[in-house]
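[1] here is a sequence together with a model predicted from it:
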Amino acid sequence: MKKIILLLIPVFIIAIMAFSYFNKHTVSGIITDENNNPVAMAGITVKGTQTGTISDKNGAYSIEVNDKDVLLITKVGYKSQEVTTNNRTVINVKLAADATPLQDVTVTALSTKRSEKSLGYLSELKGKSAGVYMNEKDFNTEDYDHINENGFHKVTDDPLSTFSIDVDAASYSNVRRFLNGGQLPPAGAVRTEELINYFKYNYPQPTDKHPFSITTEISTCPWDNSHKLVMIGLQGKNIPVENLPASNLVFLIDVSGSMMDENKLPLVKASLKMLTDQLREKDNISIVVYAGNAGLVLPTTSGSDKIKIKNAIDALEAGGSTAGGEGIKLAYKTAKNNFIKNGNNRVILCTDGDFNVGASSDDALVAMIEQERESGVYLTVLGYGMGNYKDNKMQQLADKGNGNHAYIDGINEAKKVLVNEFGGTLFTIAKDVKLQVEFNPAKVAGYRLIGYENRMLNKEDFNDDKKDAGELGSGHTVTALYEIIPAGIKSPFLKDIDPLKYQKNNQGNSDSKELLTVKFRYKDPAKNNSELIVHPVEDNDVAFNTTSNNFRFAAAVAGFGMLLRQSEFKGNSSYNNILQIATGATGNDAEGYRKEFITLIKKAASLAKATAKVDDDSEEKQ
């Protein structure tokens, strides 16, 4: 008898599991408020599980459940509600407003000019529902990290300079936004290397086994004729879009209340629809959104089904607080569930960075991203909006997520990043790219890397393959500039120390023509071991006005950055000087980005002059 019972136990278990499986069914319905208006972006989850969805702009939802499951319906500004399914296939839910005290509501200010819609007042007052996102007066909560500008190093004391590449260009479009708005940017918003790398440079395509070519050029420094300027340029291999590997992309979209303005969610939707037009049949797309909670609004869909993808994008509406951490978790989970081996697996985060619910601290988010990047899923961060833009948080997430960061200040920038530079933005051809420059003390007394302050590495990190560094995309160019003080030149930037008792006096190799040697390390995106390239650079005496357009234009942009930052190293730079240099170095400017830069120089010069006059007037009154 016992043997019979033991034999029957597996049968009973299988029967119970089968019964449970066949009792799964789909529940759909409409979420409304007390005035029967649809409630968009309400979270509907099966209690005690990770299964969930979000209502669309009509309040409609659909979710798979078991017979006795309990649905939990939540929405910021409303009382949560629990409903038992009880074999029902249609469950409509009416949410009651929650009289949450004002201090518990997310309060965020945006631009100084706004319509009633962009203010985000409680639309329940009008009988409409947009969640609770209140704003009683304008204030600016944009965040930028302080930048300690790179100074000069004596070659005899510190002959090595080591840093990670940076292909981000978010700083340039953000600076442009300030200048076009009639305001000089804060110093923390100006990352000079990102201004330089916003532009494409005419470097040759690689011809050997490596995924990028190397170009170097040397001439007189335009803001200090006693110094020299060294340019190091990388050109990533340009892979035609049709030859790029299949993509598994997850659009992670912030639909919280802070995203209501026209330059936020509406611009996000327009941007992603342009990106959708670039997709191929073999590409897969999912959409995850987050506000007070996170949900999957579009399961993985072929890039050929563009109408379905665009309809899902069009249905998005803003409202609620910002659980960014939960959205990031769900996006990475979705990407990993649809992972394409040897493909391009990437989360594309669209946000103002104003996370305020759940995992939102910099340390918690960075730790999460560092863990998730081990899965082979890359991260692209697209920043939007003004007034509460969290530039520092976006930078950290992109850097730690093996990704890149762009700031979208308008539809033209969206086209540049997601259409014109589609391959470079989304397809990595080399990861953990590092540079280490060794200077010859017989030729160089001191050096300074212009920009890259948040990309500096210890000299030991260069050979450490576990140390994270920047990624290079298809067709991307990267440019770095060193200002060097030639040997024999006395400079106030180089401070003497007492002679060392136990160290040999390193005078370098005076017989060598080499000024410096650049070493590069990079990894194939699918490998963990790095490749080494060594590139010596000889000294020369090329006049500045005979250098390439690449060299002169990059020098002008560097000077522009130093003037905006009021750098102690700006030397003889002036807006008139850099305007003259840039105007003569536009070269082949098919998209007009360099001509636009010339316009920005003029705007910055005018604003700087007006600011100086106000300061002078204030001093006179005092």
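    Thanks, I have it.

[2] contact partners of the helix or strand harbouring Leu516?
    Using DSSP states H and E, Leu516 maps to strand 514-523. Contact partners of strand 514-523, identified using Cβ atoms under 8 Å, 6 or more residues apart in numbering, comprise 210-212, 214, 216, 218, 230, 232, 234, 430-440, 443-444, 462-463, 465, 469, 472, 482, 484, 529-539. In this view, the C-beta of every residue, glycine as well, is placed from N, C-alpha and C.

[3] and it, which strands flank it?
    With DSSP bridges as the test, strand 514-523 is paired with strand 428-439 (antiparallel), strand 530-538 (antiparallel).

[4] can you name the element that comes right after the longest one?
    Scanning forward in sequence from strand 428-439 by DSSP H and E, the next helix or strand is strand 444-449.

[5] how about Gly488, nearest residue that isn't a chain neighbour?
    Of all residues not flanking Gly488 in the chain, Ala445 sits nearest, at 7.1 Å (Cβ to Cβ, 6 or more residues apart in numbering).

[6] the one you found and Val537: what is the separation?
    As judged by Cβ to Cβ, to the nearest Å, Ala445 and Val537 stand 17 Å apart.

[7] what residue lies at the spatial centre of the protein?
    Nearest to the geometric centre of the chain sits His405, at 1.9 Å (Cα atoms, centre = their mean).

[8] identify the residues contacting it.
    His405 is in contact with 168, 170, 380-383, 394-395, 397-399, counting by Cβ under 8 Å, 6+ apart.

[9] and for Asn402, the neighbour number?
    24 (other Cβ atoms under 10 Å).

[10] I'd say it and Asp468 touch.
    Yes. Assessed by Cβ atoms under 8 Å, Asn402 is found in contact with Asp468 at 7.4 Å.

[11] quick one: common contacting residues for those two?
    Counting by Cβ under 8 Å, 6+ apart, no residue touches both Asn402 and Asp468.

[12] just checking, what packs against the helix or strand encompassing Lys329?
    Element membership for Lys329, per DSSP H and E: helix 324-337. Under the contact criterion of 3 or more Cβ pairs under 8 Å, 6 or more residues apart in numbering; DSSP states H and E, helix 324-337 touches strand 247-254, strand 284-290, strand 294-302, strand 344-351, helix 362-372.

[13] using CSV, write out every CA atom in the last one.
    Output of helix 362-372 as CSV, limited to C-alpha atoms (Å, rounded to 0.1, in the frame of the first residue of the first chain):
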residue,chain,number,x,y,z
ASP,A,362,24.4,57.9,-6.1
ASP,A,363,26.1,55.1,-4.3
ALA,A,364,23.1,52.7,-4.5
LEU,A,365,22.5,53.3,-8.2
VAL,A,366,26.2,53.1,-9.1
ALA,A,367,26.6,49.8,-7.2
MET,A,368,23.5,48.4,-9.0
ILE,A,369,24.8,49.5,-12.4
GLU,A,370,28.3,48.0,-11.7
GLN,A,371,26.7,44.7,-10.9
GLU,A,372,24.4,44.7,-13.9
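
[14] helices or strands up against it?
    When contacts are defined as 3+ Cβ pairs under 8 Å, 6+ apart, helix 362-372 sits against helix 324-337, helix 391-400.

[15] with mean neighbour count, mean pLDDT and distance to Arg191 as extra columns, can I get those helices in TSV?
    Formatted as TSV, these follow (neighbours: other Cβ atoms under 10 Å; pLDDT from 0 to 100; distance: least, Cβ to Cβ, whole Å):
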stretch	mean neighbour count	mean pLDDT	distance to Arg191
helix 324-337	22	87	23
helix 391-400	22	84	8
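
[16] those: which one's closest to Ser161?
    Ranking the helices and strands packed on helix 362-372 by proximity to Ser161 (Cβ to Cβ) places helix 391-400 first, at 19.3 Å.

[17] that closest one to strand 344-351, inter-axis angle?
    Orientation check (axes from the mean of the first three to the mean of the last three Cα atoms, to 10 degrees): helix 391-400 against strand 344-351 gives 170 degrees.

[18] I'd like the next helix or strand past helix 391-400.
    That would be, after helix 391-400 and using DSSP H and E, strand 404-407.

[19] pLDDT on that following strand, on average?
    Across strand 404-407, pLDDT averages out at 92.

[20] ditto for stretch 243-261
    Stretch 243-261 comes out at a mean pLDDT of 90.

[21] now it, how far from the chain's geometric center?
    12 Å (Cα atoms, centre = their mean, to the nearest Å).

[22] which parts of that stretch are buried?
    The neighbour-count check on stretch 243-261 (16 or more other Cβ atoms under 10 Å) flags 244-261 as buried.
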